[in-house]
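Q: Need coordinates for the below:
(one chain, ligands or ions: 1)
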Amino acid sequence: MANILVVDDDKKICDLLEAELRRLGHETQSAGTSQQALDLAGADNFDVVYLDVQLPGRSGLEIIPEIRQTPGEPEVIIMTGYGSPDGAELAVKNGAWDYIQKPAPRNQLILALMRALQFREQSRAAKHPALLKRNLIIGESHRINQCLSLVAQAAATEASVLITGETGTGKELFARAIHENSRRNSEPFVVVDCAALPDTLAESVLFGHEKGAFTGAEKPRSGLIRRANKGTLFLDEMGELPIELQKSFLRVLQEHRFHPLGSDREVESDFRVVVATNRNMEDMVQKGEFRQDLYFRLKAFEIHLPALRHRPEDIKPMVIFHTNRLCEHYGIPTRGFSPDFFEALALYDWPGNVRELVNTLEWVLARTVNEPTLFARHLPIEIRAKAARVTVEANREIELETEQEPARPEDIPSFKEYRKQKVEAAETGYLKLLLKQTAGDIQQAMAVSELSKARLYELLKKHGLSAKQSQG
Ligand SMILES: Nc1ncnc2c1ncn2[C@@H]1O[C@H](COP(=O)(O)OP(=O)(O)OP(=O)(O)O)[C@@H](O)[C@H]1O
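A: Down below sits the predicted model:
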């Protein structure tokens, strides 16, 4: 929580603002003159200073640079009863974070503070990204490094974090990394899978219940929110949080206090929330399926994880890491890789992302127990088929691009002849690739190409190819 100085010559304003800030868990002090403000700021480490403009002695605007140079290097939020465009401009030029006109609604005052604190923590974290514990996150692509830098920034704040991305992109892994790198890392990381919350028991699973609160409640239960006290509460698949629960959850998020089912006793829980979803939340909000106020509250900080197909350079390190991990887990010798293994993996589009890649490796390892090196041929047929298709398509594009334009009209072949040449070239290219990827295994070649045995042999003969040649 932050250390905040409120500077105003109106004691009532200081008292009200201080009370509100304390309620949010911050520490506060107040000053009535600019000199008092400078003395207090010089003797303590403040994160933020709310500063009035009209003060006895020097004006608030004048002392901003000196306040900014005190030991805490605090952010300054200017509050003024006499809003003027010139004053606002001068405040910002002098180094103020924000400029608020009094009387300001509570939300505006608090929002400015939250933003200032978040900015402050981010810049602190950005100075030390190398210290991040990666928590088994593999990948060195630019996109993944950008996400890791956001993890470092988020971990340094207390803001709610929304992690988005397709299924299997690592949302839970990143949520854990935020927790591991936060000041809460020695406290619990509690996962709530919103998609698996049983309709009738959802409320009790989250908030807990007293004995006898409902039929079957034979013992009291503390609930996951309470269990996350001092730690991090991770709501996975948050789009599935039942709409009836969203309102009560928003209240808990704001107040960190709630009543377990069937209890008069109020329970407190100081948790930090991280949520994940692969659904389009804006769409859900539009359709009224998710509360807008809760959505805004949850996405104070957002991290979008890229799909694996958009960072193919991460595939190789990920394969090596997970293969070694799985071999160790199953107590089997680790493997080497032929380059064509990685080539085929990079050509596939991985709709299930890293989870699908890990499952594929498990599948391959289970079928190659005694083989020291993994080849493309060991991969499931859909992956090789996809790789073959992508390669042929790419070759065809290259052919079209490099084709010489005929110089004279009489050099243009007839349409029939042109089509025959192209079809033959495509057939040869396809068959060569098919034989290479299946290493001449006719059964696999038939399955990948969906050609009958007779038709496949007929085509091979036509193009002067044989399955045996490709095995050598
Ligand atoms: N960058 C990564 N490095 C190493 N392993 C990863 C990475 N990203 C994901 N994984 C692995 O992929 C699998 C799926 O990850 P995770 O469960 O975190 O995905 P998710 O996005 O939460 O999926 P879902 O949306 O389906 O819940 C896990 O085995 C995880 O360890």
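Q: thought residue 159 was touching residue 299?
A: No: contact criterion Cβ atoms under 8 Å: residue 159 and residue 299 do not qualify, at 9.5 Å. The way it works is simple: take the backbone N, C-alpha and C, and place the C-beta from them, glycine included.
Q: neighbour count winner among the two?
A: residue 159 (21 against 16; other Cβ atoms under 10 Å).
Q: Please name the residues that touch the nearest residue to the more buried one once chain neighbours are set aside.
A: Counting by Cβ to Cβ, 6 or more residues apart in numbering, residue 159 lies nearest to residue 300, which is 4.1 Å off, once chain neighbours are set aside. Contacts of residue 300 were listed using Cβ atoms under 8 Å, 6 or more residues apart in numbering, and they are 114, 118, 159-162.
Q: Repeat the analysis, applying 10 Å as the threshold.
A: Contacts of residue 300 were listed using Cβ atoms under 10 Å, 6 or more residues apart in numbering, and they are 114-115, 118, 154, 157-162, 273.
Q: cool, and residue 161?
A: 150-151, 153-155, 174-175, 178, 232, 234, 272-276, 298-303.
Q: Among those residues, which ones lie close to the ligand?
A: residue 276 (Cβ under 6 Å from any ligand atom).
Q: out of the contacts of residue 161, which are buried?
A: If you count burial by 16 or more other Cβ atoms under 10 Å, the buried members of the contacts of residue 161 come out as 150-151, 153-155, 174-175, 178, 232, 234, 272-276, 298-301, 303.
Q: so of these, which ones are in strands?
A: 232, 234, 272-276, 301, 303 (DSSP state E).
Q: Name the nearest of those residues relative to the ligand.
A: residue 276 (5.8 Å; Cβ to the nearest ligand atom).
Q: I'd like the contacts of residue 300 written out as a markdown table, with secondary structure and pLDDT added.
A: Listed next are the contacts of residue 300 as a markdown table, based on DSSP: H, G, I helix; E, B strand; the rest coil; pLDDT from 0 to 100:
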| residue | secondary structure | pLDDT |
| --- | --- | --- |
| 114 | helix | 86 |
| 115 | helix | 83 |
| 118 | helix | 78 |
| 154 | helix | 91 |
| 157 | coil | 88 |
| 158 | coil | 90 |
| 159 | coil | 90 |
| 160 | coil | 94 |
| 161 | strand | 96 |
| 162 | strand | 96 |
| 273 | strand | 96 |
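Q: so which pair among the residues you listed is furthest apart in space?
A: Maximum pairwise distance among the contacts of residue 300 (Cβ to Cβ): 18.2 Å, between 115 and 273.
Q: coming back round to it: now the residue nearest to residue 159: how far from the ligand?
A: According to Cβ to the nearest ligand atom, to the nearest Å, residue 300 stands 20 Å off from the ligand.
Q: Just the closest residue of the stretch 151-300 of the chain to the ligand, please.
A: For the stretch 151-300 of the chain, Cβ to the nearest ligand atom, closest residue to the ligand: residue 170, 2.6 Å.
Q: dump the residue contacts of that residue.
A: 136-139, 144, 147, 163, 176-177, 276, 305-306, 308, 318, 353-355.
Q: Narrow those to those in strands?
A: Counting by DSSP E, the contacts of residue 170 contribute 163, 276 to strands.
Q: I would like a ChimeraX command selecting only the buried ones among the contacts of residue 170, please.
A: The ChimeraX command for the buried members of the contacts of residue 170 (criterion: 16+ other Cβ under 10 Å) is given here:
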select :137,138,139,144,147,163,176,177,276,305,306,308,318,353,354
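Q: Mark which of the contacts of residue 170 are part of helices, please.
A: Counted as lying in helices by DSSP state H, out of these, are 144, 147, 176-177, 318, 353-355.
Q: ok, so of those residues, who is nearest residue 60?
A: residue 147 (39.9 Å).
Q: how far away is the closest one from the ligand?
A: 9 Å.
Q: and residue 239, what does it touch?
A: By Cβ under 10 Å, 6+ apart, the residues touching residue 239 are 194-195, 275-281, 283-284, 289-290, 295.
Q: From those residues, which land in helices?
A: 281, 283-284, 295.
Q: for the ligand, what are the nearby residues on the stretch 351-472 of the chain?
A: Counting by Cβ under 6 Å from any ligand atom, the stretch 351-472 of the chain sits next to the ligand at 354-355, 358.
Q: Could you save the residues you listed as JSON lines and add columns showing pLDDT?
A: Conversion of these to JSON lines gives the following (pLDDT from 0 to 100):
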{"residue": "354", "pLDDT": "97"}
{"residue": "355", "pLDDT": "97"}
{"residue": "358", "pLDDT": "97"}
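Q: now, which of these sits nearest residue 219?
A: Using Cβ to Cβ, those come closest to residue 219 at residue 355, 36.1 Å.
Q: okay but that closest one is in contact with residue 165, surely?
A: No: with contact defined as Cβ atoms under 10 Å, residue 355 does not reach residue 165; the gap is 11.6 Å.
Q: Let me know the outermost residue of this protein.
A: residue 410 (59.7 Å; Cα atoms, centre = their mean).
Q: Kindly indicate whether that residue is helix, strand or coil.
A: The three-state label for residue 410, taken from DSSP: H, G, I helix; E, B strand; the rest coil, comes out as helix.
Q: Now the stretch 251-400 of the chain against the ligand: closest residue?
A: Closest point on the stretch 251-400 of the chain to the ligand, by Cβ to the nearest ligand atom, is residue 354, at 3.5 Å.
Q: Surely that residue touches residue 314?
A: Yes: assessed by Cβ under 10 Å, residue 354 is found in contact with residue 314 at 8.5 Å.
Q: Could you tell me which residues touch both of the two?
A: Shared contacts of residue 354 and residue 314, counting by Cβ under 10 Å, 6+ apart, come down to 138-139, 308.
Q: Which stretches in the stretch 151-300 of the chain count as helices?
A: Here the stretch 151-300 of the chain has its helices, by DSSP state H, counting those that start in this stretch, at 171-180, 202-207, 224-227, 243-255, 281-286, 292-298.
Q: where does the stretch 1-150 of the chain come near the ligand, residue by residue?
A: Checking the stretch 1-150 of the chain against the ligand by Cβ under 6 Å from any ligand atom, the hits are 136-139.
Q: Including pLDDT, could these go into TSV?
A: Listed next are these as TSV, based on pLDDT from 0 to 100:
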residue	pLDDT
136	87
137	93
138	94
139	92
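Q: and which of those residues is nearest to the ligand?
A: Nearest member of these to the ligand, counting by Cβ to the nearest ligand atom, is residue 138, at 3.6 Å.
Q: My guess is the closest one contacts residue 323. True?
A: No: counting by Cβ under 10 Å, residue 138 stays clear of residue 323, with 11.6 Å between them.
Q: In contact with the closest residue to residue 345 other than its chain neighbours, which residues?
A: Residue nearest to residue 345 in three dimensions, not counting chain neighbours: residue 315, with 5.3 Å by Cβ to Cβ, 6+ apart. Taking Cβ under 10 Å, 6+ apart, we find residue 315 in contact with 139, 141, 308-309, 342, 345-346, 348, 350, 354, 357.
Q: Quick check: residue 315 vs residue 448, distance?
A: Distance of residue 315 to residue 448, given as Cβ to Cβ, to the nearest Å: 21 Å.
Q: gap between residue 15 and residue 354?
A: 53 Å.
Q: ok, back up a step: show me which of the ones in helices among the contacts of residue 239 are buried.
A: For the ones in helices among the contacts of residue 239, buried by 16+ other Cβ under 10 Å: 281, 284, 295.
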